[in-house]
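*Asks:* Sequence first, then the predicted structure, then my questions.
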Amino acid sequence: MENKLHIGRMIKACIDRKNVLRTSLAKKMGTPGTAIYGYEKRDSLKTSTVLRVCHALKYNFFMDMANALPPEYDYDRELSASKDNIISKQEAEIQKLQYENALLKELIMGKK
């Protein structure tokens with residue numbers, strides 16, 4: 001299988017987009033200033049290194065990598081299920097509130 005993900009390019013694009021100085025990023029990560037340039041050239045990095053870059057840039061590269069995978073790939077549905085449950089509960093609450101709001105408007109208009 002061909003690896004189309006190049007974490008170094010992703011990091012470089014994020015640094016450029018956020019206009020971050022590589023020296024300040026390296027300082028936040030506790031690495032030498034030249035290390036960032038090395039990361040940008042590599043197509044893969046250790047997970048722990050990517051995680052440190054995520055925290056230093058406040059950017060989730062793991063989500064970008066996950067979104068680049070085909071949707072039919074399996075994943076731990078329990079982790080995302082809690083978020084989906086919250087969203088569906090909020091959608092139901094919104095519908096209920098919209099109905100109640102419309103009903104109140106009708107009652108107010110009927111009293112005039």
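*Replies:* Now that the structure is in, tell me what you want to look at.
*Asks:* Distance from stretch 53-66 to the middle of the chain?
*Replies:* Between the mean C-alpha location of stretch 53-66 and the chain-wide mean there is a distance of 7 Å, by C-alpha atoms, centre = their mean, to the nearest Å.
*Asks:* What's the mean pLDDT across that stretch?
*Replies:* In this model, stretch 53-66 carries a mean pLDDT of 94.
*Asks:* and what of stretch 20-30?
*Replies:* Confidence over stretch 20-30, taken as the mean pLDDT, stands at 95.
*Asks:* Please put the alpha-carbon coordinates of whichever strand or helix holds D64 into CSV.
*Replies:* D64 is located in helix 61-68, with elements delineated by DSSP states H and E. Listed in CSV are the C-alpha atoms of helix 61-68, where the atom choice follows Å, rounded to 0.1, in the frame of the first residue of the first chain:
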residue,chain,number,x,y,z
PHE,A,61,-2.4,16.1,13.1
PHE,A,62,-3.9,12.7,14.2
MET,A,63,-7.4,13.9,13.1
ASP,A,64,-6.0,15.0,9.7
MET,A,65,-4.4,11.6,9.3
ALA,A,66,-7.6,9.8,10.3
ASN,A,67,-9.6,11.9,7.9
ALA,A,68,-7.2,11.0,5.1
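*Asks:* Give me the distance from the next helix or strand after that helix to the chain's centre.
*Replies:* Secondary structure here is assigned by DSSP H and E; on that basis, the next helix or strand after helix 61-68 toward the C-terminus is helix 77-111. Taking C-alpha atoms, centre = their mean, one finds the center of helix 77-111 at 26 Å from the center of the full chain.
*Asks:* Can you mark which positions in helix 77-111 are buried?
*Replies:* With burial defined by 16 or more other C-beta atoms under 10 Å, not one residue of helix 77-111 is counted as buried. C-beta here means a position set from N, CA and C on the backbone, and glycine is covered the same way.
*Asks:* Then stretch 13-22?
*Replies:* Buried residues in stretch 13-22, counting neighbours by 16+ other C-beta under 10 Å, are found at C14, I15, V20, R22.
*Asks:* Now for this structure, the helix or strand with the poorest mean pLDDT.
*Replies:* When the helices and strands of the chain are scored by mean pLDDT, DSSP states H and E, helix 77-111 comes last with a mean of 84.
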